[in-house]
Each structure stands twice: as C-alpha cells, then as structure tokens.
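This is the structure alone, sequence omitted:
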C-alpha cells in the first residue's frame with residue numbers, strides 16, 4: 001500500500017489529542033480518517049494499520065496497547081518510550097531464545113538432517 005505525506009498528516013491530525021489514557025482503536029481511527037479525509041475503509045482496518053506502521057517508520061512516535069484502554073496514541077513521554085523500548089527488547093530476546101531452542105531440539109532429534 002502506497003501512502004504519502006498527506007496520509008501521514010491526516011493520521012497525525014486524527015491522533016492529535018490522544019494519550020495513553022485516551023487512545024483510539026484502529027476502527028475509530030479508520031472511521032475518523034474516512035469522515036474527515038475520505039480515507040477508504042477496509043472493514044478489518046488492514047489499510048489503517050499499514051498507515052500507522054508507515055507513519056511510525058517515518059519517524060512518528062505512535063504507541064499502542066492491547067490493555068485497558070486499548071488503542072493507539074501519540075507519545076512524547078520519554079519514560080513511556082523507554083519503558084516500551086525495554087519491553088520490546090525483552091520480547092525480542094524471548095523470541096530469539098524460542099527460535100534457538102526449536103532449532104536445537106530439531107538438531108538433537110535429527111542427526112542426519114541438521115538445520
């Protein structure tokens with residue numbers, strides 16, 4: 001999906017008054033983008049989530065949570081970003097540990113067909 005600076009600016013406008021305590025869900029974001037800017041809706045917010053990822057990749061600090069309240073928000077809070085950074089590092093480490101264990105288990109059980 002191709003997005004441009006206008007799409008990014010529109011998303012940032014919708015997220016302007018959000019916070020950790022006042023996030024917007026993907027469906028709320030998509031509804032507002034459609035209402036304010038004619039953004040096409042997908043029903044499953046796939047395009048909206050892709051725009052959020054694109055906007056993050058372009059240097060904007062959009063945070064998200066699945067906890068109460070769930071949703072997306074703009075963050076400029078150093079501690080919030082640092083806490084999230086540490087959490088992501090721990091998750092990445094655990095995923096890598098699982099990948100190594102999976103490979104090691106395969107290799108232990110398949111001496112003639114190592115990966």
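Looks like it arrived, so ask away. Just so it is clear, the model here is predicted, and its values are computed rather than measured.

Strands of this protein, start to end?
Counting by DSSP state E, the chain has strands at residues 62-65, 71-74.

The first one pairs with which strands?
This points to strand 62-65. strand 71-74 (antiparallel) (DSSP bridges).

now the partner strand: how far from the chain's centre is it?
Centroid separation for strand 71-74 versus its chain: 10 Å, with Cα atoms, centre = their mean, to the nearest Å.

Ok, stretch 104-115 next?
Distance, centroid of stretch 104-115 to centroid of chain: 35 Å (Cα atoms, centre = their mean).

and if you look at stretch 27-44?
The answer for stretch 27-44 is 17 Å, by Cα atoms, centre = their mean.

likewise stretch 61-68?
Put simply, stretch 61-68 sits 8 Å off its chain's centre (Cα atoms, centre = their mean).

measure it end to end?
The first and last residues of stretch 61-68 sit 20 Å apart, counting by Cα to Cα, to the nearest Å.

Now that stretch: average pLDDT?
The average pLDDT within stretch 61-68 is 90.

And it, what's buried?
By 16 or more other Cβ atoms under 10 Å, the buried positions in stretch 61-68 come out as 62-64. (C-beta placed from N, C-alpha, C; glycine too.)

Can you name the residues in contact with it?
Stretch 61-68 is contacted from outside by 15, 20, 23, 52, 55-56, 71-76, 80-81, 84, using Cβ atoms under 8 Å, 6 or more residues apart in numbering.

Please name the residues that touch residue 14.
Counted by Cβ under 8 Å, 6+ apart, residue 14 has contacts 24, 29, 32-33, 36.

Pick the one among the buried residues of stretch 61-68 closest to residue 114.
Residue 114 lies nearest to residue 64 out of those, by Cβ to Cβ, at 39.2 Å.

Next one: that closest one relative to residue 107, how far apart?
Distance, residue 64 to residue 107, by Cβ to Cβ, to the nearest Å: 37 Å.
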